[in-house]
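> Predicted model and sequence below, questions to follow.
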Amino acid sequence: MSTKTSSLMTWHKDERINDGIMRHPADSMAWKSFDELHPSFATEPRNVRLGLASDEFQPFRNSKSSHSIWHVVLIPYNLPPWLCMKQENFILSMLIPGPNGPGDAIDTYLQPLIEELKELWEVGIGTFDASAKQNFKLHASLLWTINDFPAYENLSGWSTKGKLACPFCNKDTSSIRLTNCEAEIAGPIHYRWMYPIER
Ligand SMILES: [Zn+2]
C-alpha cells in the first residue's frame, strides 16, 4: 500500500538479472521449482515469498542465570538482495518469553501465525497496489525455514540427536555407532538437502 515500497515488491520478477549468477533466492533451483509446482501463485509477482527464521537468544548477557527468549522472524524475499536482509524489512512475528525455551511447545506459539499463513496461502487478502493504483488479491507463501539444528528439532518435532538425527531423511537416516564412542554419528553427508526436488 506504500508508494515507496510497492514497486520493490516485484523486484524479483521485473528487475532481477537472469544470467545464471546466484545473487538472490529467486536465482535458486528451489524458487524455480516452487514456481513450476504453483503456477497460479507464480503468475502474480506481487504475491509475497517468505522465509521464517527462529532461534533463541540471551537477553541478559551479564547475568549468570540463563534466560532464553525465542524470536520468530519473517523475511520478505520479493525485495532486492540489498533490502530483503535489512533489519527494517524483517517482520518480527513473535517473541516467546523465557526463562526457559518453549521446546516442542513452540507449536502452540506458532499456531496463530500458521493459521494466518494458511489463510494467506489458500484464500488471500484484498489489498491496494499503490504503484499500479489498483486493488488486487494478495497471497503469501512460506518458502523455507532458517534455523540451527537444535531449533530444527523443535520446529520439525523430530529429534535431531541419536540414531535417526535427520528430520529430512527421517527413518532412512544413515548412521553408525563408533566403537569407542557413546554418540551416534549420522552420515554420509546429507546431499539431499541441496537437491530436495530429487527426493
Ligand atoms: Zn538427511
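Structure received. Every value quoted in this text rests on a predicted model; they were computed, and no experiment measured them.
> Return the residues in contact with residue 6.
Residues near residue 6 by C-beta atoms under 8 Å, 6 or more residues apart in numbering: 46, 129, 130, 131, 132. Backbone N, C-alpha and C define where each C-beta goes, glycine included.
> Now which of those would you call buried?
46, 129 (16 or more other C-beta atoms under 10 Å).
> I'd like to know which of the contacts of residue 6 are part of helices.
Among these, none falls in helices (DSSP state H).
> Looking at the contacts of residue 6, spot the one nearest the ion.
Ranked by distance to the ion (C-beta to the ion), the contacts of residue 6 are led by residue 46 at 35.3 Å.
> Quick check, the closest one in contact with residue 8.
No - judged on C-beta atoms under 8 Å, residue 46 makes no contact with residue 8 at a distance of 10.8 Å.
> list the residues that contact both of those two?
With C-beta under 8 Å, 6+ apart as the test, residue 46 and residue 8 both reach residue 78.
> How about residue 49: what's its closest non-neighbour residue?
Setting aside the residues directly before and after it, residue 49 is nearest to residue 77 in space (C-beta to C-beta, 6 or more residues apart in numbering), at 4.3 Å.
> right, and the one you found touches residue 26 too?
Yes - look at residue 77 against residue 26 with C-beta under 8 Å: they come within range, at 7.1 Å.
> joint contacts of the two?
Common neighbours of residue 77 and residue 26 (C-beta under 8 Å, 6+ apart) are residue 12.
> Any chance you could list what contacts the longest strand seen in the chain?
If you go by DSSP state E, the chain has its longest strand at strand 48-57. Under the criterion C-beta under 8 Å, 6+ apart, residues 9, 12, 25, 31, 68-78, 91, 93, 101, 106, 117, 120, 138-148, 151, 155 lie in contact with strand 48-57.
> Spell out for me the ChimeraX command that would select the buried members of those residues.
Here is the ChimeraX selection string for the buried members of the contacts of strand 48-57, based on 16+ other C-beta under 10 Å:
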select :9,12,25,31,69,70,72,73,74,75,76,77,78,93,101,106,117,120,138,139,140,141,142,144,147,151,155
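> Next step: the contacts of strand 48-57 restricted to strands.
Mapping these onto strands (DSSP E) picks out 69-76, 91, 93, 138, 140-146.
> May I ask which helix or strand of the chain has the lowest mean pLDDT?
Here the helix or strand of the chain ranked lowest by mean pLDDT, DSSP states H and E is strand 184-186, holding a mean of 59.
> Near residue 123, how many other residues are there?
Neighbour count for residue 123, taken as other C-beta atoms under 10 Å: 9.
> and stretch 152-170, how far from the chain's centre?
Centre-to-centre, stretch 152-170 and its host chain are 17 Å apart (C-alpha atoms, centre = their mean, to the nearest Å).
> just stretch 145-161 next, same as before
Per C-alpha atoms, centre = their mean, the centroid offset for stretch 145-161 relative to its chain is 13 Å.
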